[in-house]
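Visitor: give me a model of this one.
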Amino acid sequence: MRTLISRPATRTHSVAPLGGLDSPEPGPPPAPPKPAPPATVLGYSPFPLDADARHFSLTTSTMRLRGGTVVVRHGRRSTSDTATILLHGAAGSWTTWTPLLQAAEATARDLTDLIIPDLPGWGDSPLPSDETAPSVESMAELVADVARSLGYERWNVVGHSMGGFVALQLAASETRATTSVGLVSATSFSIQDSVRHPIRHFSVLPAFTALLLTMRMLRVAGPLGRGLVRTVAGLGLLRALVASLFSRPMAVDATVIAALGTEVRPAAFVLAATRAGAYDAATRWAQISCPVRSVHGDRDVFVTVNDDARLRAVVSHCVVSTIAGAGHFGQIERPLEVLLRLEFAVPLPTKSTTPLLDTF
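Guide: The predicted structure follows:
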């Protein structure tokens, strides 16, 4: 049985209840965010994170599905039966996409039919009590169930970091329904190697391996570990600790750093990494038939040139682009460039005869 509990936005569309109750946001509507700067002055990390879905004309819904309970921001419904699904990565939530939404508005790109879930264990979505449940495959099934519950038959899916695993699995398992895949700093083969053999492959992705080992220790520490994270954040040391994730860490908005502190969830991170390590990426992704566009920063410490080559070898319709002056969070650091590289404004080609690699 599916249950949908919605908190409607200022401008929204009607969603047929699946057995649930509508509950409006309390209080008066919030003031809109400050006007976006002209596109000509969009630079590095031009926007803060914005946690109010109503600023983007989105509805917040809690959906109880077969794969678990998930909180979803969705809206801007058009007459299309094709959704645009945005999937965040580990240590993230739906808010990591809000700079991209703001960049779209600043440059008159109308992104419609949006579905932006908090994946289980992150943001407002609880981690299932059964930790064996959220595999890469089951997460993709859950995302498909969300889209279909909202009335969509097809989708373009974009995944950031480990959300890229889910996006690619969704394309592999739902070949008819997935129209295209966009990847933003998608972790892939090198991450899998580091999870499986952290010591042997330490030199490949030292930043990720160090983070994974730290998360494993914090997970064992339980409440003490979470308290340590809060203490570090309270002392203002978190920006230095996450500096390697960004091209210009001191220029990143404070809301980004604060969100990372909130989303440092050792149990969820370790579980996501473990599932990624157990996933047969090459076999699964070889089944993808839709166009795939992958972008990552030229200073991304979680993605290697070898990852690009291996991805293009497995996914025949893949085009890889590198964004100058960006780290692991391209949609936050260079949101306009991400929009352009993923070609939100124009359709993707139906077939790529020659894999391409281009750079800014």
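
Visitor: which residues of the stretch 151-300 of the chain fall in helices?
Guide: Using DSSP state H, counting those that start in this stretch, the helices of the stretch 151-300 of the chain run over 163-173, 189-196, 206-221, 223-234, 238-241, 254-263, 266-278, 281-285.

Visitor: Val315 is nearest to which of these?
Guide: Relative to Val315, the nearest member of the helices of the stretch 151-300 of the chain by C-beta to C-beta is helix 281-285, separated by 5.4 Å. From N, CA and C alone the C-beta is placed, and that goes for glycine too.

Visitor: most neighbours per residue, which of the helices of the stretch 151-300 of the chain?
Guide: Stretch with highest mean neighbour count among the helices of the stretch 151-300 of the chain: helix 163-173 (a mean of 27; mean count of other C-beta atoms under 10 Å).

Visitor: put the alpha carbons of it into CSV.
Guide: Output of helix 163-173 as CSV, limited to C-alpha atoms (Å, rounded to 0.1, in the frame of the first residue of the first chain):
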residue,chain,number,x,y,z
GLY,A,163,23.4,9.1,-6.4
GLY,A,164,25.0,8.4,-9.8
PHE,A,165,25.1,4.7,-8.9
VAL,A,166,21.3,4.8,-8.4
ALA,A,167,20.7,6.8,-11.6
LEU,A,168,22.7,4.4,-13.7
GLN,A,169,21.0,1.4,-12.1
LEU,A,170,17.7,3.0,-12.8
ALA,A,171,18.6,3.3,-16.5
ALA,A,172,19.8,-0.3,-16.6
SER,A,173,16.7,-1.7,-15.0
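
Visitor: now do that helix and helix 266-278, the angle between them.
Guide: Note on geometry: by axes from the mean of the first three to the mean of the last three C-alpha atoms, to 10 degrees, helix 163-173 and helix 266-278 are set 40 degrees apart in direction.

Visitor: so who does the residue positioned nearest the centre of the chain touch?
Guide: Nearest residue to the geometric centre of the chain (C-alpha atoms, centre = their mean): His88, 1.7 Å. Applying C-beta atoms under 8 Å, 6 or more residues apart in numbering, we find His88 in contact with 94, 96-97, 116, 118-119, 122-123, 160-161, 163.

Visitor: go on, Glu337?
Guide: Counting by C-beta under 8 Å, 6+ apart, Glu337 has contacts 295, 323, 326, 330, 360.

Visitor: ok, 6 Å please
Guide: By C-beta atoms under 6 Å, 6 or more residues apart in numbering, the contact set of Glu337 is Ile323.

Visitor: before we move on, what about Asp81?
Guide: So Asp81 contacts 152-153 (C-beta under 6 Å, 6+ apart).

Visitor: where's it relative to Arg148, distance?
Guide: Applying C-beta to C-beta, to the nearest Å, the value for Asp81 to Arg148 is 11 Å.

Visitor: picking up where we left off before, top of the contacts of His88 by number of neighbours, please.
Guide: Neighbour tally across the contacts of His88 (other C-beta atoms under 10 Å): the maximum, 31 neighbours, falls on Gly163.

Visitor: in space, what's closest to that residue - neighbours in sequence excluded?
Guide: Excluding the flanking residues, the one nearest Gly163 by C-beta to C-beta, 6 or more residues apart in numbering is Leu87, at 3.5 Å.

Visitor: what residues are bridge-paired with that neighbour?
Guide: Gly159 (DSSP bridges).

Visitor: list the contacts of it.
Guide: 159, 163, 166-167.

Visitor: again, only using 7 Å
Guide: 119, 143, 157-160, 163, 166-167 (C-beta atoms under 7 Å, 6 or more residues apart in numbering).
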